[in-house]
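*Asks:* Provide a 3D model corresponding to the input given below.
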Amino acid sequence: MLELIRRLVGGGRKIDYEQARELAADQDPGVRAELAARADIQPEILYYLAEDSDAEVRRRVASNHHAPPQANLLLAGDGDEGVRSELAAKIVRLAPGLSANEQDRLRRLTYEALEILARDQIVKVRGILSDALKNVVDAPPEVILRLARDAELAVSAPVLQFSPVLSDEDLLEIIASGPVPGALSAISKRSEVKARVADAIAATEDIDAIATLLANGSAQIREETLDRLVDRAADIEQWHQPLVERPHLSSKAAGKLARFVAANLLQGLAARQDLEPDAAVAVAAVVRRRLDEMEATGIAKADAKKAADETAAMMRAQQLKNQGKLDESTVDAALAGGDHAFVMAALAVLSGVSLATIRKTVHTQSAKGIVAVTWKAGLSAELCEQFQSKLLRLPASRHLHARSGVFPLTADEMEWQLEFLGA
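*Replies:* Take a look at the predicted model:
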């Protein structure tokens, strides 16, 4: 008899109401669990099974997309964490478009179940909701706000970083409330951080969040705000690199940074191409003085010497470019003279690729990489062959040869190489 029941439940045969009712009362929880997972069971039977004494049966109902809203609401308060987790994973698919003012009774029940899960005492359950709803454009605002204000970062972070439902006003209110550690960093990572929100984060004492904000190239940080952060940054090393690499850095801010950032960051300042010529000269002078001081006092002498050489080369290359004199003949002459530091600096300035990437390309002897960088710099395929020989020191057998002045890679291949190098 039991085997007959199992075949009836699991064999795909249609079950009428009376059969379903008998199976729902079966003593074997395995039979009831199989019944609870079926898609063709009447809503009232699934609601009945939502009160089953066996947790596995209730879990099957919780994950069943055909369970009625009344069953979902009942299971939202279930004593078993696994039941609520299964329900959370399912019900988020019903969440889009729901609101607190639902008039339709069934939609209202679904919204109430969602609200109960958002207040669940178990972090895992709330985390499932947060992660699933973080990118949903029309997720219920009240639920998103509750998750965003959650005391557990694992719950609040996904929606704080990604949710399009949160407005600037919502974010400002959350920032002002002094949220849990890490919450401001999550906001700072958003794909779009408006100026008002950036100002509010910058005004806090959260060093990690401000570092994250500075590193976010899409964050809209006003010049005045950036200048204030530079004034605070001398003793906060965590901010130095993102400030040096920050797009649209003012000449005033660059000059201040040159007075205190480490030697390895000074060359980044000197290589910036967005400074006015007079400002670039002033920054270069500060950089040169600092490097001289470092070497004179023996502070990281070897590193300072290397940084000084690279920085001097970058400053010279940038100044020549500003004067319209950084051309192929200049680079060719430097290559012939063995001035590899200047050649790499010239490639960086002309191509817009970072000096670190150029250095990596040379040190790894990447023929494809140097072809792509040369092309990006607007230099000739013939000079690229010289780079492979004299800069990369590749044997002729490993050269990528130009043909009739044409680069040996296609434009798409060179773009891919640049992307691969992180340029």
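*Asks:* Not counting residues beside it along the chain, what's closest to the spatially most central residue of the chain?
*Replies:* Among the residues of the chain, the smallest C-alpha distance to the mean C-alpha position (C-alpha atoms, centre = their mean) belongs to Lys189, namely 6.6 Å. Here the nearest residue to Lys189 in space, its sequence neighbours aside, is Gln161; by C-beta to C-beta, 6 or more residues apart in numbering that works out to 4.9 Å. C-beta coordinates here come from the backbone N, C-alpha and C atoms, glycine included.
*Asks:* So that neighbour belongs to a strand, correct?
*Replies:* No. With DSSP: H, G, I helix; E, B strand; the rest coil as the criterion, Gln161 is assigned helix and is not in a strand.
*Asks:* Please shift the residue numbers so they start at 44 in all later answers.
*Replies:* Happy to do that; since the first residue is 44 now, the last one works out to Gln204.
*Asks:* Which residues are in contact with the closest residue to Pro111 other than its chain neighbours?
*Replies:* If the residues on either side of it in the chain are set aside, Pro111 comes closest to Pro86, at 4.0 Å by C-beta to C-beta, 6+ apart. With contacts defined as C-beta atoms under 8 Å, 6 or more residues apart in numbering, the neighbours of Pro86 are 109-111, 113-114.
*Asks:* Compute the first-to-last residue distance for stretch 76-84.
*Replies:* Distance between the two ends of stretch 76-84: 12 Å, counting by C-alpha to C-alpha, to the nearest Å.
*Asks:* got a list of contacts for it?
*Replies:* Contacts to stretch 76-84, defined as C-beta under 8 Å, 6+ apart, come from residues 49, 52-53, 57-58, 63, 66-67, 88-89, 92, 95, 97, 99-101, 103-104, 106-109.
*Asks:* what about it, average pLDDT?
*Replies:* In this model, stretch 76-84 carries a mean pLDDT of 89.
*Asks:* And Glu340, what's its pLDDT?
*Replies:* Small correction: residue 340 is Thr, not Glu. Confidence at Thr340, expressed as pLDDT, is 60.
*Asks:* do the same with Gln429
*Replies:* At Gln429 the predicted local confidence, pLDDT, stands at 92.
*Asks:* C-terminal to the helix or strand hosting Glu87, what's the next element?
*Replies:* Assigned by DSSP states H and E, Glu87 belongs to helix 86-92. On the C-terminal side of helix 86-92, the nearest following helix or strand under DSSP H and E is helix 98-106.
*Asks:* Which strands or helices does that following helix pack on?
*Replies:* In this structure, helix 98-106 packs against helix 72-79, helix 86-92, helix 112-118, helix 124-134, with contacts taken as 3 or more C-beta pairs under 8 Å, 6 or more residues apart in numbering; DSSP states H and E.
*Asks:* how about a markdown table for these, with distance to Val198 added?
*Replies:* What follows is those, written out as a markdown table (distance: least, C-beta to C-beta, whole Å):
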| stretch | distance to Val198 |
| --- | --- |
| helix 72-79 | 29 |
| helix 86-92 | 29 |
| helix 112-118 | 20 |
| helix 124-134 | 12 |
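*Asks:* Could you identify the most distant pair in the contacts of Pro86?
*Replies:* The most widely separated members of those are His109 and Gln113, with 12.7 Å between them, by C-beta to C-beta.
*Asks:* between the two, which one's more packed in?
*Replies:* Between His109 and Gln113, counted using other C-beta atoms under 10 Å, the more crowded position is Gln113 (18 against 14).
*Asks:* give the contact list for the residue nearest to the more buried one when sequence neighbours are not counted.
*Replies:* Once its chain neighbours are removed from consideration, Gln113 has its nearest residue in Tyr90; the separation is 5.5 Å (C-beta to C-beta, 6+ apart). Taking C-beta under 8 Å, 6+ apart as the definition of contact, the neighbours of Tyr90 are 110-111, 113-114, 117.
*Asks:* do the same with Ala238
*Replies:* Contacts of Ala238 by C-beta under 8 Å, 6+ apart are 263-265, 268.
*Asks:* From Lys57, how far off is it?
*Replies:* 62 Å (C-beta to C-beta, to the nearest Å).
*Asks:* Same check on Ser173?
*Replies:* Going from Ser173 to Lys57 by C-beta to C-beta gives 39 Å.
*Asks:* same check, this time on Ala79
*Replies:* For Ala79, the distance to Lys57 - C-beta to C-beta - is 17 Å.
*Asks:* what about Arg136, neighbour count?
*Replies:* Applying other C-beta under 10 Å, we find 10 other residues in the vicinity of Arg136.
*Asks:* just Ala424 next, same as before
*Replies:* Here the neighbour count serves as a burial measure; for Ala424 (other C-beta under 10 Å) it reads 19.
*Asks:* contacting residues around the residue lying closest to it once chain neighbours are set aside?
*Replies:* Leaving aside its sequence neighbours, Ala424 sits nearest to Ala445 (C-beta to C-beta, 6+ apart; 3.5 Å). In this structure, Ala445 makes contact with 424-425, 427-428, 451, judged by C-beta under 8 Å, 6+ apart.
*Asks:* Return the members of the residues you listed classed as buried.
*Replies:* 424, 427-428, 451 (16 or more other C-beta atoms under 10 Å).
*Asks:* The residues you listed into a markdown table, with extra columns for secondary structure?
*Replies:* As requested, those are arranged in a markdown table below (three-state DSSP):
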| residue | secondary structure |
| --- | --- |
| Ala424 | helix |
| Cys427 | helix |
| Glu428 | helix |
| Pro451 | coil |
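*Asks:* These: which two are farthest apart?
*Replies:* Checking the buried ones among the contacts of Ala445 against each other with C-beta to C-beta, the farthest-apart pair comes out as Glu428 and Pro451, at 9.3 Å.
*Asks:* okay, and the common contacts of those two?
*Replies:* If you check Glu428 and Pro451 against C-beta under 8 Å, 6+ apart, the residues they both contact are 444-445.
*Asks:* Please enumerate the strands of this structure.
*Replies:* Applying DSSP state E to the chain gives no strands.
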